[in-house]
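Chemist: A predicted structure for the sequence below; I have some questions about it.
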Amino acid sequence: MEAQEILSQLNEEQRKAVEASEGPVLILAGAGSGKTRALVHRIAYLIDVLGVSPGRILAITFTNKAADEMRSRVDQMIGFGSGEIWVSTFHSLCVRILRRYAELLGYTRYFSIYDSDDQLSVMKSLFKQKQIDTRYMKEKGILARISSAKDELISPEKFSRIHTDFYGAKVADLYRSYQDRLSENNAMDFDDLICNTVRLFETHPDVLGVYQERFRYLMVDEYQDTNTAQFRLVSLLAGKYRNLCVVGDDDQSIYKFRGANIRNILSFEEIFPDAVVVKLERNYRSTGTILDAANEVIHHNRGRKDKRLWTKNPEGSKLRFRTFSNGFEEAEYICGEIASAVRSSSRCYRDCAVLYRTNAQSRLFEEKMIMANLPYRIVGGINFYSRKEIKDILAYLKTVDNGSDNLQVQRIINVPKRGIGGSTIQKIADFADEGALTFLEAAGRAADIPGISAAAAKKVEHFTDLIGVLRAKAEVGSISELLRKLLELTGYVEELEAEGTEEAQARIENINELISKTVQYEEEREHPTLSGFLEEVALIADIDTVSEDDDRVLLMTLHSAKGLEFPLVFMAGMEEGLFPSSMAINSDDPMEEIEEERRLCYVGITRAKEQLTLTCARERMTRGERRRSEVSRFIREIPRELMELEGEREAKAGRKLELSGWGVNAGMRQALDALPPEKPAPQAALYGGQLSARAGEPSSPSSKAGETGTVDYAEGDTVRHVKFGSGTVLELKKSGKDYLVTVDFPSWGVKKMIASMARLAKVGQGDGSW
DNA sequence: TATATAGTGTTTTTT
DNA sequence: ACACTATATA
């Protein structure tokens, strides 16, 4: 592609960003300003115009999803060689480097990657070993301290030098022991991946040199969210040729809690005085109104780089703000709005996103989405890979791959139950410590361990034999074959089948899903390895698996929404104490933390392309108690004239206001009243969403409410619901064109639902005697 | 050793 | 509200 052709597709500022190919470049890219476009064109320009070999380019993104998108867009532009470009996240980049040079740091190439559950297990066992009273310190608290130390590249030794007080010394000691334990297990946690790569480069200049030569051109996206360790890594890599282009927006810095250092972006020009600075301030995403609101809110922050987004997009409709008496009604309203948007206009479910501050809020929405039969997907929260059954199976695979990983071996030695108890496990662990063996090696010699009965030793031997067989299988077979063998020999699935519960069935489906993931991995990789698969599993974020061609409403936290956009956005829970969180309000430095919350609010607002709805609940159940709260200060920071408040639209249309704000849910009733005849809704989730909420499957409506204004069941009948199973209809009440059905589900309690949305199937006639 | 039950304690955000 | 932990008991 010609230079002219590449540049002609860009605005003046974007063009500057593309043409400044050499030396340090800082691109301050406001929300929706086409920064990915600029980056993609920059890469195309480097390759096609300047003749840079694709393999010399490294682009670091925040998520795998962003990396995939960037790669495919470059592919579309230049049509070749994009596979050679390194586009990855910090973590996957580091793993790739570390696998090659792990030996230099005292690990093997099969090192495990520990997630937060694994970290917690290690810390718990250290607490036990050191007999630490959890009233004085908490495992998670210590892990947080260690994590922030690593973000700042502070080693255990340095930590103990800095913190000489009693508590600090205690943390330092735990930090040291924690690192030792991880080394023994040939394991690294997420933070280690970055730190160890920095350590590798700093202690092995020759290795650093290899990568400096290799990556002549570096680009870092979401630069405002890099921490000190990541900054150091980037500085080292760019140290020789200095072709470093960073893209970010200080207003979207929302990961301070994870060590993000906003100074990295604010002082880029001081560190690189010759930096070319480009500001992208034209927004291509949102309506004028949405942008005005965003600008006003963020303007309340101090100490930011001066900028103001503008757009040529139409003004669009006003923001909507609604309050409800509780979280249920809030969720009902949002579901109703989404249902009516999909039915009455040409919206798809995937045009809509519900954003909230905390994962806990997703529950309410999930329930209402199921009842309303809306296809949805919850991003984040309870991760697929953190489910018990998945963690168990993965622990087997990790044991096969890395026998030094004592944590995993101990997890599965008695799963499924083999009659090996805690005391036997402890004796093996002690024996391992004494003889400097791994736990698995010690288990292999169970018969020699004093205190272990012959019967117990026999059981342990069965386990170690099993691992041996699986190891042999791993040598010759594929990952999916290994997995099937594993399931066959352990009888894991059989045990679940024997349980016969719905829950066990869901677990089996999850395991099947895991099998397909291994198959999928093997198909898409040229050289699939067990380590590679396990690493992918560890580093894949939930958001990475969100697909564009999947027609569902997306539910996620504001943090997860960064980098995404939707025509219709709902921001729920706009309440003081929730957003901004009470943590921020009551912190030592409320000013600083509330500014971070405000940036989060800014991120949320700027996700919306056409319509933004903000909602709040006056009362909410949190941790088992009812709490009332005031409307969020962020609402008050949005100019009144940009918002349409409760009842205003109805007033204009000459409607009655009697329902506004109170009542069951005025919004939903309105939406329902305005609905055209129902169009068939896709099948809703079966087992709590994530995996099984499938859209687009042919629906088999068994009740035909709405269209005909009738339902084929009556009070007393038994009906079936997709999630709640069967229940008895207690009450059937006409409400407008629809019916309000009250059903008693034995295991879920009494639920009220809208007939046209709940799609209840009649399964039995009532005998009239209930 | 395995299971049932009472008691305990919950940082909001995540690679 | 909920999950996890320690304890008692079979």
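Modeler: Arrived safely.

Chemist: Do you know the pLDDT at A:S703?
Modeler: For A:S703, the pLDDT comes out at 33.

Chemist: Which pLDDT value belongs to the closest residue to DNA strand C within chain A?
Modeler: When you check chain A against DNA strand C by Cβ to the nearest atom of the strand, the closest residue turns out to be A:G624, at 2.7 Å. Glycine gets a C-beta too; all of them are placed from N, C-alpha and C. Taken from the predicted model, the pLDDT recorded for A:G624 is 77.

Chemist: Tally up the residues packed near it, please.
Modeler: Neighbour count for A:G624, taken as other Cβ atoms under 10 Å: 5.

Chemist: now A:Y45
Modeler: Neighbour count of A:Y45, defined by other Cβ under 10 Å: 23.

Chemist: likewise A:G477?
Modeler: Burial of A:G477, expressed as a neighbour count using other Cβ under 10 Å, amounts to 14.

Chemist: isn't it right up against A:K485?
Modeler: Yes - proximity of A:G477 to A:K485 meets the contact threshold set by Cβ atoms under 8 Å, at 7.3 Å.

Chemist: What residues sit buried inside the lengthiest strand in chain A?
Modeler: Looking across chain A with DSSP state E, the single longest strand is strand A:608-622. When neighbours are counted by 16 or more other Cβ atoms under 10 Å, the buried residues of strand A:608-622 are found to be A:608-618, A:620.

Chemist: swap in stretch A:539-548?
Modeler: By neighbour count on 16+ other Cβ under 10 Å, the buried set for stretch A:539-548 is A:539-544, A:546.

Chemist: Can you list which of the residues you listed are found in helices?
Modeler: Within the buried residues of stretch A:539-548, residues falling in helices by DSSP state H are A:L539.

Chemist: show me which of the buried residues of stretch A:539-548 neighbour DNA strand B.
Modeler: Restricting the buried residues of stretch A:539-548 to those within reach of DNA strand B (Cβ under 7 Å from any atom of the strand) leaves A:539, A:541-543.

Chemist: and of the residues you listed, the nearest to A:G727?
Modeler: Sorting these by how near they are to A:G727, with Cβ to Cβ, puts A:D542 at the top with 32.0 Å.

Chemist: so that closest one touches A:N383, yeah?
Modeler: Yes - counting by Cβ under 8 Å, A:D542 touches A:N383, with 5.9 Å between them.

Chemist: ok, A:D351 touching A:L568?
Modeler: Yes - because the distance of 5.5 Å satisfies Cβ under 8 Å, A:D351 is recorded as touching A:L568.

Chemist: Mind listing the shared neighbours of these two?
Modeler: Residues touching both A:D351 and A:L568 (Cβ atoms under 8 Å, 6 or more residues apart in numbering) are A:A341.

Chemist: Show me the helices in the stretch 401-550 of chain A, by range?
Modeler: In the stretch 401-550 of chain A, the segments counted as helices under DSSP state H, counting those that start in this stretch are A:406-412, A:422-434, A:439-444, A:454-476, A:479-490, A:492-499, A:502-524, A:530-539.

Chemist: Let me know which of these is the nearest to A:D717.
Modeler: Proximity to A:D717 (Cβ to Cβ) singles out helix A:502-524 among these, at 22.4 Å.

Chemist: Tell me which other helices or strands that closest one touches.
Modeler: helix A:388-401, helix A:479-490, helix A:492-499, helix A:530-539 (3 or more Cβ pairs under 8 Å, 6 or more residues apart in numbering; DSSP states H and E).

Chemist: Please work out which of these is packed deepest.
Modeler: Comparing these by mean neighbour count (mean count of other Cβ atoms under 10 Å), helix A:388-401 ranks first with a mean of 21.

Chemist: pLDDT on that one, on average?
Modeler: Helix A:388-401 shows a mean pLDDT of 91.

Chemist: tell me the contacts of A:L564?
Modeler: The contact partners of A:L564, by Cβ under 8 Å, 6+ apart, come to A:353, A:554, A:607.

Chemist: sorry, back to before: could you export the helices and strands packed on helix A:502-524 as a markdown table, including distance to A:F324?
Modeler: Written out in a markdown table, the entries for the helices and strands packed on helix A:502-524 read as follows (distance: least, Cβ to Cβ, whole Å):
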| stretch | distance to A:F324 |
| --- | --- |
| helix A:388-401 | 36 |
| helix A:479-490 | 47 |
| helix A:492-499 | 40 |
| helix A:530-539 | 39 |
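
Chemist: Export these as TSV, with columns for distance to DNA strand C.
Modeler: Shown next, in TSV, are those (distance: least, Cβ to the nearest atom of the strand, whole Å):
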stretch	distance to DNA strand C
helix A:388-401	8
helix A:479-490	22
helix A:492-499	17
helix A:530-539	19
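
Chemist: mind checking which of those is nearest A:I43?
Modeler: Using Cβ to Cβ as the measure, helix A:530-539 is the one of those that comes nearest A:I43, at 22.7 Å.

Chemist: just how off-centre is that closest one within its chain?
Modeler: On the basis of Cα atoms, centre = their mean, to the nearest Å, the separation between the geometric centre of helix A:530-539 and that of its chain is 17 Å.

Chemist: partner residues bridging A:A187?
Modeler: Partner residues in beta bridges with A:A187, using DSSP bridges, are A:S112.

Chemist: To clarify, my last question referred to A:E619.
Modeler: Here A:E619, judged by DSSP bridges, has bridge partners A:N326, A:R628.

Chemist: Hmm, A:Y175 and A:I146 touching each other?
Modeler: Yes - the pair A:I146 and A:Y175 qualifies as a contact (Cβ under 8 Å) at a distance of 5.1 Å.

Chemist: Which other helices and strands does the longest strand of chain A contact?
Modeler: The elements that strand A:608-622 packs onto, with contact taken as 3+ Cβ pairs under 8 Å, 6+ apart, are helix A:288-298, strand A:319-326, helix A:327-344, strand A:566-571, strand A:625-628.

Chemist: neighbours of the residue nearest to A:G30 when sequence neighbours are not counted, just the number please.
Modeler: The spatially closest residue to A:G30, leaving aside those adjacent along the chain, is A:L309, at 4.6 Å (Cβ to Cβ, 6 or more residues apart in numbering). The tally of other residues near A:L309 (other Cβ under 10 Å) stands at 22.

Chemist: got a list of what A:L309 touches?
Modeler: When contacts are counted by Cβ under 8 Å, 6+ apart, A:L309 touches A:30-33, A:281-283, A:291, A:294-295.

Chemist: can we see that at 6 Å?
Modeler: Contacts of A:L309 were listed using Cβ atoms under 6 Å, 6 or more residues apart in numbering, and they are A:30, A:281, A:283, A:291.

Chemist: Among those residues, which one sits closest to A:T438?
Modeler: A:G30 (52.5 Å).

Chemist: tally of neighbours for that closest one?
Modeler: For A:G30, the tally of surrounding residues (other Cβ under 10 Å) stands at 25.

Chemist: count of neighbours near A:G83?
Modeler: Counted with other Cβ under 10 Å, the burial measure for A:G83 works out to 11 neighbours.

Chemist: Look up the pLDDT of it for me, please.
Modeler: For A:G83, the model assigns a pLDDT of 81.
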